[in-house]
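*Asks:* Starting from these lines, generate the structure:
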Amino acid sequence: MTGDRQAKANISSFTLDEEAAKKIISTPRTILNETDVFNDMRHSKSERIANAKRILDSRKEK
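*Replies:* Down below sits the predicted model:
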């Protein structure tokens, strides 16, 4: 296997040791600040789907 093909094959599998897993778990959560930029992080799934539909419908009109 060539180096490039081998690298691509290795990307699909990744193993964490116990120390790395504990470090990830103990990392504090990132707090997202409220901004004027629209994001749907705090919306329900149905609200995100409805917003995506509105965006796609608005693009059809143009």
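*Asks:* SS state for Leu16?
*Replies:* Secondary structure, DSSP: H, G, I helix; E, B strand; the rest coil: Leu16 is coil.
*Asks:* roughly how far apart are it and Ser26?
*Replies:* From Leu16 across to Ser26, the span is 13 Å (Cβ to Cβ, to the nearest Å). Every C-beta, even on glycine, is put in place using the N, C-alpha and C of the backbone.
*Asks:* Looking at those two, which is more packed in?
*Replies:* Under the criterion of other Cβ atoms under 10 Å, the comparison of Leu16 against Ser26 puts Leu16 first, with 10 against 7.
*Asks:* How about the more buried one: what's its closest non-neighbour residue?
*Replies:* Nearest non-adjacent residue to Leu16, counting by Cβ to Cβ, 6 or more residues apart in numbering: Ile24, 7.4 Å away.
*Asks:* Any idea how many residues pack against the one you found?
*Replies:* So Ile24, with other Cβ under 10 Å, has 9 neighbours.
*Asks:* Ok, the one 5 residues further on next?
*Replies:* Here the count is done by other Cβ under 10 Å, and Arg29 has 5 residues near it.
*Asks:* Give me the mean pLDDT for the host helix or strand of Ser58.
*Replies:* Assessed by DSSP states H and E, Ser58 sits inside helix 45-61. Mean per-residue pLDDT for helix 45-61: 87.
*Asks:* what does that helix contact?
*Replies:* Contact partners of helix 45-61, identified using Cβ atoms under 8 Å, 6 or more residues apart in numbering, comprise Asp40, His43.
*Asks:* cutoff 7 Å now
*Replies:* Helix 45-61 is contacted by residues Asp40 when judged by Cβ atoms under 7 Å, 6 or more residues apart in numbering.
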